[in-house]
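**Student:** Here is the input, now give the coordinates:
(chains A and B)
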Amino acid sequence: MAKFRRRSAPYLFVLPFLVIFVAFSVYPLIFTARLSFTNWRGSGAAEWVGWGNYTYLLTSEAFWSSLGNSAVLWLLIVPIQIVLAVIVAVLLNSAKLKLRGLYRVAFIVPFVTPLVAVAQIWVVLFDQQYGAINAFLGVFGIPDIGWLTTSAWAKPTLALLFLWKTTGFIIIILLSGLQSIDGSMYEAAELDGASKLRQLWSITVPLLRRTIMFAVVLQTLAVFQMFAEPFVVTQGGPYNSTTTAGYYLYNHITRGDLGTGAANSFLLVILVMVLSLFFVRMLRAKD
Amino acid sequence: MTDTLIRPATVAAASAPRTRTERRPSLRIGSHVFLILLLIAFLAPVAWAIISSFKQPNDIIRDPLGFDPTTFTLDNFTAMFQDVPIAQGFLNTGIVLVVKGGITLFFAPLAAFAFAKYSFIGKNLIFGTVLITLMLPTIVLIIPLLLEMKALGWVNTYQALILPGAIDAFAIFWMRQVISAVPDELLDAARVDGCSEFGIFWRVIVPVIRPGLAGLAVLTIMNIYNDFVWPVIVASSERMSTLQVVLSTLAQNITGNRIGADYATVTGELLAASSIALIPLLVLFIVLQRHFINGILAGSVKG
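**Tutor:** Numbering: from 1, shown residues only, chains lettered A, B, ... in the order given. Sure, this is the predicted structure:
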């Protein structure tokens, strides 16, 4: 009896999870794969269109421009964020630094705030006429900038929101990587008279490479899926300049073009996976 | 103790580090200045929003940088409570938090226990699938999930907000790692004492993995509280809107309707709503810092 109970127990334990997992993850995934080969619009009969949705997207200017927008955002965000986070993490990792606990908590605050709330605060802060940012810059005689109303500035403004929101998270990740580095290496370098900057470049960065690459992969995924930021702040505008890959995908849903949307999500998955593999390769090549 | 051991070496190398010790104070001041500037940049938007939400609407737009405490007002908050269903938003978010969070925190460790400590048919297949779904972006699932909700008649219901995404693959993955570290001897000892299999989970595993559970709890709370994409797609009716969805409607009012005095009123309401929405998580974060950071770190493996 005890043996039977021990044998049957794991099935019962897994069952609730399995029901939800199959119903709301596995099944929808298979459904999306099928849907991406049809022209279904949410009702009526679905017509099989083969690779039609995929070829339509791959030859559509709007699709490529959505990827281009995400790529530009990536360039505006990831390099700056990594450099900034490495510097801050190294400073915070120093045992001699006073108030490090306070800094660590303060830097993570943006990450725990609800995105929608801060995205709205962004809308108000960066308003061309009434915003605090232009008022502040005005003190230095800088004329008002149309942060959210010109296609030149809309992307940097969104990038700034993303940087503000997630850099603390990257700092925490890098800090945990730093804590696994053996302190004696620095002592040795110090005895050899290596400067702090030299130590940072020759010891910290190489040993932290894995963690850095991990952070790059995470942020690449996040930037290419970015949706809520443009949804709240710019609605993809002005002139589609902030229609990110994630926002473009959402557009298919609102237009009821579900087959194309499904194909689009798979293309996005493939792209994100290729990018991740590329970064992992880069990491391996140098090992 | 270590001090005396190291001393001979330090004495020998004393001439070299001397210059460095002299340089250090300026370096330290420099890094503090840098960190403090960054700190201001990180906290300013939130602080500005909270302070501004107590200003007269017209002052918010006329003088966005100033604050005159004598004009302190709660008007933005009262107007906001009248104009948007924020209380309903809090209620809906609260319901989803309790039920979805409860389901996840109970059933995820339970299933993870089976994956970590038992062998059963299909174990590797299921766990492999869990790992694959971990790597997929969540947006892939949105279209079919929405259709599934329509087919079930669940659009604008609590079920739709609660069930998809409950007991998520990541929670299973993380809890399995945590439970794997629990020594088997503990479980065997409990069995010898006549403990049932569920009794082992409840009385042996759960107490041992409490720190991991706390991390999972804060991460789950944060994710559910901040969740926006799925709620806005599946439950955007006024009655079913979660807090984040209610907030997002305010922003759309602003961009859709930007004329004179009206803009000031809407901005005031928006800042009041955002400030109120910030507070619960900030308080929770300050109280549970360590668990938050553990949760966030563990959560980062979710790609």
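**Student:** Can you give the contact residues for stretch B:117-127?
**Tutor:** With contact meaning C-beta atoms under 8 Å, 6 or more residues apart in numbering or on different chains, stretch B:117-127 is reached by A:7, A:9-11, A:13-14, A:18, A:21, B:114-115, B:176, B:179-180, B:182, B:184, B:187. (Glycine included, C-beta is placed from N, CA and C.)
**Student:** at 10 Å instead, please
**Tutor:** Residues outside stretch B:117-127 that contact it (C-beta atoms under 10 Å, 6 or more residues apart in numbering or on different chains): A:6-11, A:13-14, A:17-18, A:21-22, A:26, B:111-112, B:114-115, B:129, B:169, B:172-173, B:176, B:179-180, B:182, B:184, B:187, B:197, B:200-201, B:205.
**Student:** among the residues you listed, which ones are buried?
**Tutor:** Among those, the ones that count as buried by 16 or more other C-beta atoms under 10 Å in any protein chain shown are A:9-10, A:13-14, A:17-18, A:21, A:26, B:111-112, B:114-115, B:129, B:169, B:172-173, B:176, B:179, B:182, B:187, B:197, B:200-201, B:205.
**Student:** Among the residues you listed, which lie within helices?
**Tutor:** Secondary structure from DSSP state H places A:9-10, A:13-14, A:17-18, A:21, B:111-112, B:114-115, B:129, B:169, B:172-173, B:176, B:179, B:187, B:197, B:200 of those in helices.
**Student:** What strand or helix carries the residue most central in space within chain B?
**Tutor:** The centroid of chain B falls nearest to B:M222 when counting by C-alpha atoms, centre = their mean (2.2 Å). Assigned by DSSP states H and E, B:M222 belongs to helix B:210-226.
**Student:** Any stretches of the stretch 101-250 of chain A with poor pLDDT?
**Tutor:** Filtered on pLDDT under 70, the stretch 101-250 of chain A yields no residues whatsoever.
**Student:** Now do the helices in the stretch 151-287 of chain A.
**Tutor:** A:151-178, A:184-191, A:196-199, A:205-207, A:209-225, A:228-233, A:245-254, A:258-286 (DSSP state H, counting those that start in this stretch).
**Student:** what are the ranges of the strands in chain B?
**Tutor:** Secondary structure of chain B (DSSP state E): no strands present.
**Student:** the longest helix in it is where?
**Tutor:** Ranking each helix of chain B by length (DSSP H) puts helix B:15-52 first.
**Student:** List the buried residues in that one.
**Tutor:** So for helix B:15-52, counting by 16+ other C-beta under 10 Å, buried means B:S31, B:H32, B:L35, B:L38, B:L39, B:F42, B:P45, B:V46, B:W48, B:A49, B:I50, B:S52.
**Student:** Can you get me a residue count around B:S237?
**Tutor:** 10 (other C-beta atoms under 10 Å in any protein chain shown).
**Student:** Kindly report the same for B:L297.
**Tutor:** Other residues within reach of B:L297 by the criterion other C-beta under 10 Å amount to 16.
**Student:** ok, now which ones touch it?
**Tutor:** For B:L297, the contacting residues are A:F169, A:I172, A:I173, A:L175, A:S176, B:G215, B:L219, by C-beta under 10 Å, 6+ apart.
**Student:** Could you export the residues you listed to a markdown table, including columns for distance to A:L91 and neighbour count?
**Tutor:** What follows is the contacts of B:L297, written out as a markdown table (distance: C-beta to C-beta, whole Å; neighbours: other C-beta atoms under 10 Å in any protein chain shown):
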| residue | distance to A:L91 | neighbour count |
| --- | --- | --- |
| A:F169 | 17 | 24 |
| A:I172 | 14 | 22 |
| A:I173 | 16 | 20 |
| A:L175 | 10 | 21 |
| A:S176 | 15 | 16 |
| B:G215 | 26 | 24 |
| B:L219 | 26 | 23 |
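**Student:** quick one: which two of those are the most distant?
**Tutor:** Across those, the longest distance by C-beta to C-beta is 17.6 Å; it joins A:L175 and B:L219.
**Student:** Measure how far the top helix by length along chain A is from the centre of its chain, please.
**Tutor:** If you go by DSSP H, chain A has its longest helix at helix A:61-93. Between the centre of helix A:61-93 and the centre of its chain there are 9 Å (C-alpha atoms, centre = their mean, to the nearest Å).
**Student:** Name the member of the buried residues of helix B:15-52 with the shortest distance to B:A277.
**Tutor:** Taking C-beta to C-beta as the measure, B:A277 lies nearest B:A49 of these, at 10.2 Å.
**Student:** quick one: the residue nearest to the closest one when sequence neighbours are not counted from A:F17, how far?
**Tutor:** Leaving out its chain neighbours, the residue that sits closest to B:A49 by C-beta to C-beta, 6 or more residues apart in numbering or on different chains is A:I121, at 4.5 Å. As judged by C-beta to C-beta, to the nearest Å, A:I121 and A:F17 stand 38 Å apart.
**Student:** Quick one: the helices of the stretch 151-287 of chain A as JSON lines, columns for distance to chain B too.
**Tutor:** Shown next, in JSON lines, are the helices of the stretch 151-287 of chain A (distance: least, C-beta to the nearest C-beta, whole Å):
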{"stretch": "helix A:151-178", "distance to chain B": "5"}
{"stretch": "helix A:184-191", "distance to chain B": "5"}
{"stretch": "helix A:196-199", "distance to chain B": "7"}
{"stretch": "helix A:205-207", "distance to chain B": "17"}
{"stretch": "helix A:209-225", "distance to chain B": "5"}
{"stretch": "helix A:228-233", "distance to chain B": "5"}
{"stretch": "helix A:245-254", "distance to chain B": "6"}
{"stretch": "helix A:258-286", "distance to chain B": "4"}
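**Student:** so which of those helices is the most packed in?
**Tutor:** Most buried of the helices of the stretch 151-287 of chain A, by mean neighbour count (mean count of other C-beta atoms under 10 Å in any protein chain shown): helix A:228-233, with a mean of 24.
**Student:** Can you list the low-confidence ranges for the stretch 151-300 of chain B?
**Tutor:** Along the stretch 151-300 of chain B, the parts satisfying pLDDT under 70 run over B:251-261, B:298-300.
**Student:** Which residues are in contact with A:S176?
**Tutor:** With C-beta under 10 Å, 6+ apart, A:S176 has these contacts: A:A89, A:T211, B:I293, B:N294, B:I296, B:L297, B:S300.
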